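Undergrad: Build me a structure from this.
(2 chains)
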Amino acid sequence: MSQVIIVDGLYLVILVALSIPLGNYLVKVMTGKRAFLSPLMLPLERMIYRLMGIREEDEMSPGHYVLAVMVFSGLGLIFVFGLQMLQASLPFNPENLAAPSWDLAFNTAASFVSNTNWQAYSGESSLSYLTQALALGVWNFLSAATGIAVLFALLRGFIETKKTTIGSFWVDLIRVSLYLLIPLSLVFSLVLVAQGGVQTISPYHEIVALETGITQSIPLGPAASQIAIKQLGTNGGGFFGMNSAFPLENPTALSNFLQLLSILLIPASLCVAFGKAVGDMKQGRAIYLVMLILFVGALAAVTISETIGVPLVPGVLDSGNLEGKEIIHGVGTSALWGTATTAASNGSVNAMHDSFTPLAGLVLMFLMQIGEVVFGGVGSGLYGMIGFVILTVFMAGLMVGRTPEYLGKKVEPFDMKMVCLIVLVPPVFTLLGTALAVLMPQASDWLTNSGPHGFSEILYAFSSMGNNNGSAFGGFAANTVFTNVVGGLIMLIVRFVPLVAVVFLAGNLANKKMVAKTEGTLSTSNALFIGLLIAIVLLIGALSFLPALALGPIADYFTAVI
Amino acid sequence: MEKNRSESMVSKLRPALVSFVVLTLICGVVYPVIVTSIAQIAFPNQANGSIITVTQENGTTIDVGSALIGQTFTKPQYLIGRPRGTSQLSPVSEEQKALIQERVAWWRALDPENSGAIPSDLVTASGSGVDPNISPEAAEYQVDRIARVRNISAKTVREIIARYTTGKLLGLWGESGVNVLKVNLALDGRIQ
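TA: Down below sits the predicted model:
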């Protein structure tokens, strides 16, 4: 146990140490200042603007910004869907894979465009190399870049005064891609290959098994390049069906560590970038601390439950819960991964969450259900958390009878309407989806487990899609017309409704004047506020989900104990 | 008026279409081609699935597996890995308990002389279903049986196991693992 604490502690220290320079770098890039990669990227950036026929300094109104995001993502949705449907007649399909069903292709397209990367398909048995690289791989980048772009639009809302524009989506999109996501992914994917991650366009490799003499096929593909961005962009969609539990996707202890680090790296850096951008590092630190505190609490609960929560079987050594876990990753780093991937809306797995102990499974679900704001998705996690911050400021303002304000901007009715959309749309659709699935007469055929754990499989699936996470309780048979269509729609709604609300919130904030700080202004960076914010996040989550959790993991736990 | 409107439509759509095409080409073609090229030159074995090739008695070579993908072993002269396939069952469920008890009985039947406690990785499936490794304890549990069946010393078996054991990263991170396929190839004298 003490070793687990050292390892987890070291992980967090390294994470925080790397997030500070990266956050500072990102602010430089996004404000158009010269940064480390400028000599290399600036000519390319300018050339792309020329091709697009835009000028760097042309800014957009909120309506125009939203339109740009929606048109761009719409193109992506059509492209990812179309490429899957046509893959059988396109090149780079050495295994001659047929097109998936229309509902599966829709679900996958919605999943990757919404940065969810829920996987109702299994990569090695359903998608060609071309589909993987050109459709899914690309939208790993672009959905992540979209999230970060929108976050920076929101930050401009706080920085600017009396302004009707909030920056340019095109400039934000291009800069995030060129200066952040592509260079990081390039370096990271090569390290992954060195460790044993596959990266080839050759067909699957036939081998003759030693004892049985049976010919088996080793699945291959251009995997490492996609795995790098799947982790960095909080996407989480595995190249192979078993995701980062599959050794060719995550071969060694080092690859496991680096992938874990990259799950939280950019979401954590954005907290630093936030503080820097609004010119008050304490504001960024407060949000960072809230996320870290919630993360450490969840990590402790998951790790303890996974270590001591399995029943002993006579004649078997007790080494914690190893079902569904790879030996070299063990209970410790699998618990850390499970926590990180659900805290961030990453959704990649290196162990099977369905076989986590009931209370650990509960924590993983709850991390998603509170809206993916404990680090959360790149960009979307922080703008979701800022929604909670404004809600907290508003409630504190009500209690003391003052007009609430945050970072010098008054919080008014329109802002609160947008905040409600940001905070409430995901839980509403998570619960609706779960309820609808349970009502389906064939629902019990989709489950591997029975009783409360079976219900947990459904609740987990819709919590995952309803918060753009993408991980699953693997026993849930996801590839059905119902789940593909309903889940696909839910992923799009919970991604784009809050996103649009954020942009309009940004526009409304940018238009306001700054109010001077007075003695009566509520501090949003002290310990009291941090405690208040944590309480609000947990409260909203608990009020929405306690009844459902009681029927799932909590009942599961007590059934096993009694 | 009409012309102006259609022009403004085009000028609105141009950035979207151009950025879509350019970014798709950069992220979906240039980037994977660069990574694949460097990978194939610098790390050809890893990039192609860490395939193990051995020379047979007649001089031809054969690919016997990937160092990273576990294979099924059931015979007593081999080091036996973890059960194939994942259960996706709750670890506290009756179904999972029954599954584990079945596997315990299998191990007892394989080696009735060994009454020691069975390391739990031998009776639980991995996440990938093809875990290439077992814990050092799970390997040690099988040493006497392999030595007896093969009529070699336990010391030799332990030496081979040690050769194909990877430690924790920096002695801290993750867990040690014994590569089952490599140990068995070495036991059969097919790799050194």
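Undergrad: from here on, contacts and neighbour counts on C-alpha atoms
TA: Noted.
Undergrad: so how many other residues sit close to residue A:33?
TA: By other C-alpha atoms under 10 Å in any protein chain shown, the residues close to residue A:33 number 11.
Undergrad: per-domain residue ranges of chain B.
TA: Each structural domain of chain B that the record assigns through automatic domain parsing is listed here as a residue range: B:2-46, B:51-187.
Undergrad: most remote residue from chain A's center?
TA: Ranking residues of chain A by C-alpha distance from their mean position (C-alpha atoms, centre = their mean) puts residue A:213 at the top, at 42.5 Å.
Undergrad: Of the domains of chain B, which is nearest residue A:444?
TA: When these are compared by C-alpha to C-alpha, domain B:51-187 sits nearest residue A:444, at 14.9 Å.
Undergrad: chain center to the closest one, what's the gap?
TA: 12 Å (C-alpha atoms, centre = their mean, to the nearest Å).
Undergrad: what residues are up against the closest residue to residue A:246 other than its chain neighbours?
TA: The spatially closest residue to residue A:246, leaving aside those adjacent along the chain, is residue B:128, at 4.8 Å (C-alpha to C-alpha, 6 or more residues apart in numbering or on different chains). By C-alpha atoms under 8 Å, 6 or more residues apart in numbering or on different chains, residue B:128 lies in contact with A:242, A:245, A:246, A:247, A:324, A:325, A:326, A:351, B:85, B:86.
Undergrad: Phi first, then psi, for residue B:128.
TA: With angles defined as degrees, to the nearest 10, residue B:128 sits at phi -80, psi -20.
Undergrad: Can you tell me how far it is from residue A:346?
TA: Residue B:128 sits at a distance of 19 Å from residue A:346 (criterion: C-alpha to C-alpha, to the nearest Å).
Undergrad: and the nearest residue in space to residue A:329 that is not next to it in sequence, how many residues sit next to it?
TA: Sequence neighbours aside, residue B:174 is the residue nearest to residue A:329 in space, at 4.8 Å (criterion: C-alpha to C-alpha, 6+ apart). Burial measure for residue B:174: 26 neighbouring residues, criterion other C-alpha under 10 Å.
Undergrad: check contacts around residue B:174.
TA: The neighbours of residue B:174, taking C-alpha under 8 Å, 6+ apart as the test, are A:253, A:328, A:329, A:330, A:332, A:333, B:168.
Undergrad: Out of those residues, which sit inside helices?
TA: Per DSSP state H, helices hold the following members of the contacts of residue B:174: A:253, A:330, A:332, A:333.
Undergrad: Spatially, which two of the residues you listed are the most separated?
TA: In terms of C-alpha to C-alpha, those reach their longest pairwise distance at A:253 and A:332, which sit 11.9 Å apart.
Undergrad: Tell me where the stretch 451-562 of chain A has helices.
TA: Counting by DSSP state H, counting those that start in this stretch, one finds helices in the stretch 451-562 of chain A at the ranges A:451-465, A:481-510, A:527-549, A:555-561.
Undergrad: Can you tell me which helices and strands the last one packs against?
TA: So the one you mean is helix A:555-561. Counting contacts by 3 or more C-alpha pairs under 8 Å, 6 or more residues apart in numbering or on different chains; DSSP states H and E, helix A:555-561 packs against helix A:358-369, helix A:451-465.
Undergrad: Same list (the ones you listed) but as a markdown table, adding distance to residue A:419, mean pLDDT and mean neighbour count.
TA: Shown next, in a markdown table, are the helices and strands packed on helix A:555-561 (distance: least, C-alpha to C-alpha, whole Å; pLDDT from 0 to 100; neighbours: other C-alpha atoms under 10 Å in any protein chain shown):
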| stretch | distance to residue A:419 | mean pLDDT | mean neighbour count |
| --- | --- | --- | --- |
| helix A:358-369 | 17 | 97 | 26 |
| helix A:451-465 | 20 | 96 | 27 |
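Undergrad: Any idea which of those helices gets closest to residue A:108?
TA: For residue A:108, the closest of the helices and strands packed on helix A:555-561 is helix A:451-465, at 11.5 Å, according to C-alpha to C-alpha.
Undergrad: contacting residues around the closest one?
TA: Helix A:451-465 is contacted by residues A:116, A:118, A:347, A:354, A:358, A:365, A:368-369, A:427, A:430-431, A:433-434, A:437-438, A:444, A:447-449, A:470-473, A:475-476, A:487-488, A:490-491, A:548-549, A:551-553, A:555-556, B:90 when judged by C-alpha under 8 Å, 6+ apart.
Undergrad: Dead centre of chain A: give me the residue that sits there.
TA: For chain A, residue A:345 is the residue whose C-alpha lies nearest the centre (C-alpha atoms, centre = their mean; 2.2 Å).
Undergrad: mind listing the strands for chain B?
TA: For chain B, strands defined by DSSP state E occupy the ranges B:51-55, B:61-66, B:133-134, B:165-166, B:177-179.
Undergrad: Could you say which of those is packed most deeply?
TA: Comparing those by mean neighbour count (mean count of other C-alpha atoms under 10 Å in any protein chain shown), strand B:133-134 comes out on top with a mean of 28.
Undergrad: Remind me what that strand packs against, helices and strands.
TA: Applying 3+ C-alpha pairs under 8 Å, 6+ apart, one finds that strand B:133-134 makes contact with strand B:177-179.
Undergrad: So the strand it packs on, near chain A or not?
TA: Yes - residues of strand B:177-179 are located near chain A by C-alpha under 8 Å from any C-alpha of the partner chain, namely residue B:177.
Undergrad: Just give the strands next to that strand in its sheet, each with its orientation.
TA: Partners of strand B:177-179 in the sheet, by DSSP bridges, are strand B:133-134 (antiparallel), strand B:165-166 (antiparallel).
Undergrad: Over that strand, what's the mean pLDDT, rounded is fine.
TA: Mean pLDDT, strand B:177-179: 98.
Undergrad: ok, now stretch A:317-326?
TA: The predicted model assigns stretch A:317-326 a mean pLDDT of 94.
Undergrad: picking up where we left off before, could the strands of chain B go into TSV alongside distance to residue A:124?
TA: TSV is the format used below for those (distance: least, C-alpha to C-alpha, whole Å):
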stretch	distance to residue A:124
strand B:51-55	18
strand B:61-66	16
strand B:133-134	22
strand B:165-166	28
strand B:177-179	24
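Undergrad: so where is chain B shaky, pLDDT-wise?
TA: By pLDDT under 70, the low-scoring segments of chain B are B:1-8.
Undergrad: redo that, cut-off 80
TA: Counting by pLDDT under 80, the low-confidence segments of chain B come to B:1-12, B:192.
Undergrad: so where do the helices sit in it?
TA: Assigned by DSSP H, the helices in chain B fall at B:2-25, B:31-42, B:44-47, B:94-110, B:136-150, B:154-163, B:180-187.
Undergrad: by contact count, what packs against the longest one?
TA: Secondary-structure packing of helix B:2-25 (3+ C-alpha pairs under 8 Å, 6+ apart): helix A:38-52, helix A:62-86.
Undergrad: show me where pLDDT drops low in the stretch 451-562 of chain A?
TA: In the prediction, the stretch 451-562 of chain A carries residues with pLDDT under 80 at positions A:520, A:561-562.
Undergrad: What is the neighbour count of the closest residue to chain B within it?
TA: With C-alpha to the nearest C-alpha, the shortest gap between the stretch 451-562 of chain A and chain B falls at residue A:475, namely 5.2 Å. For residue A:475, the count of nearby residues is 22 (other C-alpha under 10 Å).
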